[in-house]
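J.: Return a 3D structure for these sequence lines:
(one chain, ligands or ions: 1)
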Amino acid sequence: SSTEVEQKDDHFEELFQRLQPKKPVAGGLVANYQGVWFYADLLQATLTFQKHFKAIDSDIILATMPKSGTTWLKALTFSIVNRNNHSVDESPLLFSNPHYLVPFLEIYLYKDGNIPDIDSMPCPRILATHLPYQFLPSSILDCSNNCRIIYLCRNPLDVFTSVLQFLLQNGRISSPSMSIDVPFERFCQGIHPYGPFWDHCLGYWDASLKNPQKVLFLKYEDLKKDINSSVKKIAGFLGYPFSAEEEEAGLVEEIAMLCSFENLKNLDCNKEGELHAAFRAKHSSFFRKAEVGDWVNVLTPSMANRLEKLFQEKLGESGLAL
Ligand code: A3P
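T.: The predicted model follows:
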């Protein structure tokens, strides 16, 4: 339920008009605002979110670049934090796509200038965003606030591949007329919603080094390698560590299994239906292949080479390797 709606006022329209240049990306125009590329509606929602959101200590913010494993991180965090509220075989995840259990802030809750009544959400509130670190409202970033941020990053070659397939599956781009050269070029220039990608991950990477109690930096590939350790790491970071009894009872593995790609993909709630967020997206389109290295089926070796070099250069001496 919403308490108020901020109309697309003249001020916002004027602001977006003024931003130059604008570039066509997947059926819409993006413009650069303070170093980040936005669609008009996402920028409006972002500004409303920044203005109205008040973090509380128990809040958990899940941050990702689109197609980095957001759905997985939502399922895992929801299950870890709520494990005492229901057993794994009665999990709400069995009946709801994870995006309903952990809503997006700027894509959904603050969409169209809506001001949601999030004070009535049960605590801890688990909320998701694709915004870069420096765009988060000051009440989240404020060091006196104890809310936690988990960032999940993924290899950019696989992210680019996943984005392309997601847009295709949801009819945002059409395959016969589509050449990947243009979207690839834009991606390399950092021109895509929430881009540039390298700035996005570096922002959270630096924050996690400066304040490891507040920001946990994870990689999709590490979750794929060892999900049980990752589940324990997330739980410990959030202040919900598994007890020896829980571990002995196999709860870590149960949660990992519940949230596994194979399990979630085959549930009716994820096979059917559509999510109406920034645009309509089939629930099934959030579960495609979940493989590391699927980019080989989309990118030529020279494209891959270029992207790898670009990221090495951009990440420089940060210590972050993707
Ligand atoms: P692919 O397109 O490579 O298959 P997001 O959730 O951020 O939109 O990212 C979607 C990507 O995560 C897709 O990658 C999807 O298949 C993968 N994914 C979804 N659920 C997953 C899960 N439970 N475990 C591992 N990967 C998952």
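J.: Show me which residues of the stretch 101-250 of the chain sit near the ligand.
T.: 158, 162, 165 (Cβ under 6 Å from any ligand atom). C-beta: built from backbone N, CA, C; applies to glycine.
J.: Mind checking which of those residues land in helices?
T.: 158, 162, 165 (DSSP state H).
J.: Just give the number of residues close to the second one.
T.: Residue 162: 23 surrounding residues under other Cβ atoms under 10 Å.
J.: Not counting sequence-adjacent ones, nearest residue to it?
T.: In space, and not counting its chain neighbours, residue 162 is closest to residue 67: 3.8 Å by Cβ to Cβ, 6 or more residues apart in numbering.
J.: Report the secondary structure state of the one you found.
T.: Secondary structure state of residue 67, per DSSP: H, G, I helix; E, B strand; the rest coil, is coil.
J.: now swap in the one 10 residues further on and tell me
T.: Classification of residue 77 into helix, strand or coil gives helix, according to three-state DSSP.
J.: Find the centremost residue of the chain, please.
T.: residue 64 (3.2 Å; Cα atoms, centre = their mean).
J.: my guess is that residue contacts residue 151, does it?
T.: Yes: checked against Cβ atoms under 8 Å, the pair residue 64 and residue 151 is within contact range at 6.9 Å.
J.: Helix or strand: which one has residue 31?
T.: Using DSSP states H and E, residue 31 falls within strand 28-33.
J.: Give me the contact list for that strand.
T.: 16, 19-23, 37-40, 43, 191-193 (Cβ atoms under 8 Å, 6 or more residues apart in numbering).
J.: So the residue nearest to the centre of the chain versus the ligand, what's the distance?
T.: Separation of residue 64 from the ligand (Cβ to the nearest ligand atom, to the nearest Å): 5 Å.
J.: Without its sequence neighbours, what residue ends up closest to that residue?
T.: residue 70 (4.4 Å).
J.: For that neighbour, give its distance to the ligand.
T.: According to Cβ to the nearest ligand atom, residue 70 and the ligand sit 3 Å apart.
J.: just residue 275 next, same as before
T.: From residue 275 across to the ligand, the span is 10 Å (Cβ to the nearest ligand atom).
J.: The residue nearest to that residue when sequence neighbours are not counted: which element?
T.: Excluding its sequence neighbours, the residue lying closest to residue 275 (Cβ to Cβ, 6+ apart) is residue 281, at 5.0 Å. Residue 281 belongs to strand 280-282 when assigned by DSSP H and E.
J.: Averaged pLDDT, that strand. What do you get?
T.: Here strand 280-282 scores 93 as its mean pLDDT.
J.: helices and strands of the chain: which one bottoms out on pLDDT?
T.: strand 2-5 (a mean of 57; mean pLDDT, DSSP states H and E).
J.: Following the chain onward from it, which element is next?
T.: helix 10-18.
J.: Now the helix or strand that comes right after that next one: buried residues?
T.: Next along the chain after helix 10-18, taking DSSP H and E as the criterion, comes strand 22-25. Buried residues in strand 22-25, counted by 16 or more other Cβ atoms under 10 Å: residue 25.
J.: for strand 22-25, packing partners?
T.: strand 28-33, helix 181-189 (3 or more Cβ pairs under 8 Å, 6 or more residues apart in numbering; DSSP states H and E).
J.: So which residues make contact with that strand?
T.: With Cβ under 8 Å, 6+ apart as the criterion, strand 22-25 contacts 29-31, 37, 183, 186, 191-193.
J.: Stretch 221-235 too?
T.: When contacts are defined by Cβ under 8 Å, 6+ apart, stretch 221-235 is touched by residues 69, 72, 76-77, 80, 150, 152, 154-155, 216, 218, 241-242, 252-253, 255-256, 260, 290, 292.
J.: follow-up on the earlier one: mind picking the one among the contacts of strand 28-33 that's closest to the ligand?
T.: residue 193 (12.6 Å; Cβ to the nearest ligand atom).
J.: Now do the contacts for that closest one.
T.: Residue 193 neighbours (Cβ under 8 Å, 6+ apart): 25, 30, 37-39, 42, 66, 130.
J.: list the buried ones in whichever helix or strand comes after the strand holding residue 31?
T.: Using DSSP H and E, the helix or strand that follows strand 28-33 in sequence is strand 36-39. Under the neighbour-count criterion of 16+ other Cβ under 10 Å, strand 36-39 has 36-39 buried.
J.: ok, residue 27 touching residue 172?
T.: Yes: counting by Cβ under 8 Å, residue 27 does reach residue 172; the two are 5.1 Å apart.
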